[in-house]
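Chemist: Pasting the sequence and the predicted model now:
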Amino acid sequence: MTRDTPPSAETARKPADSNLADILVGRRLRALRLEAGLSLADLAGQAGISVGALSQIERGVSSLRVRTIWPLAAALGIEPSLLLDEGSEGNDIYCVRAQRRRDLPVRSEGIRKQLLSPPGATLTGMTVEIEPGGGTAEAYAHQGHEFGYVMTGSVDLIIDGTTYLLRQGDSFAFRSTLLHAFSNNGEERCVIIWVNTTKPSEIRDDY
């Protein structure tokens with residue numbers, strides 16, 4: 001006969017009527033771990049908790065305690081709040097609702113970026129809105145690759161010193177290591193669906 005495993009120090013045993021919120025958090029945590037390409041042992045080791053405790057959290061058997069949220073989020077490279085987004089009408093582990101898009105930090109005038117991809121996604125999808133006269137302060141480069149599709153308006157996209165005038169329906173793709181910049185010299189707002197292989201935290205936020 002096997003003994004019941006006692007509750008771990010990192011988790012709290014739930015009552016018999018399993019809390020739906022804990023189950024959803026567990027599913028979200030598992031999806032994020034898999035998206036990051038980490039095994040249970042990998043994530044547990046990086047977060048400093050036991051494999052058993054992590055397994056219980058993912059299965060919704062145990063609740064996620066406050067002191068484990070931060071190390072788990074740090075190991076996954078996400079904001080801690082993303083592990084606890086339990087709203088039924090909010091973002092899911094694989095989906096982002098239109099009314100729940102998160103603004104990304106921007107320093108340049110006339111630009112707004114909203115995150116389209118869910119936490120843990122390999123690709124970073126954004127909407128980039130550029131008001132007339134708006135654009136990047138200077139050319140920049142970073143690791144990765146990018147792709148874009150101009151939804152409305154027009155944009156002057158500079159890649160490696162060459163300027164391309166793109167209008168509605170045009171698209172582009174290039175290595176992010178090439179110096180690039182963009183500006184809207186038209187008379188209407190330009191909206192671009194922009195996909196990047198680099199995480200938002202690794203992209204310079206000065207545009």
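Modeler: Arrived safely, thanks for sending.
Chemist: Please enumerate the helices of this protein.
Modeler: 20-35, 40-47, 51-58, 66-76 (DSSP state H).
Chemist: Give me the angle between the longest one and helix 66-76.
Modeler: Put plainly, it is helix 20-35. 30 degrees (axes from the mean of the first three to the mean of the last three CA atoms, to 10 degrees).
Chemist: Helix 20-35 packs against which elements?
Modeler: helix 51-58, strand 62-64, helix 66-76 (3 or more CB pairs under 8 Å, 6 or more residues apart in numbering; DSSP states H and E). Glycine gets a C-beta too; all of them are placed from N, C-alpha and C.
Chemist: Need the nearest residue in space to the most centrally placed residue in the chain, chain neighbours excluded.
Modeler: The C-alpha lying nearest the average C-alpha coordinate of the chain belongs to Pro119 (CA atoms, centre = their mean; 3.8 Å). Leaving aside its sequence neighbours, Pro119 sits nearest to Leu82 (CB to CB, 6 or more residues apart in numbering; 4.2 Å).
Chemist: wouldn't the one you found be in contact with Ala73 here?
Modeler: Yes. At 7.2 Å, Leu82 counts as touching Ala73 under the criterion of CB atoms under 8 Å.
Chemist: Have a look at these two and say which one is more surrounded.
Modeler: When neighbours are counted by other CB atoms under 10 Å, Leu82 and Ala73 differ, and Ala73 comes out ahead with 20 against 17.
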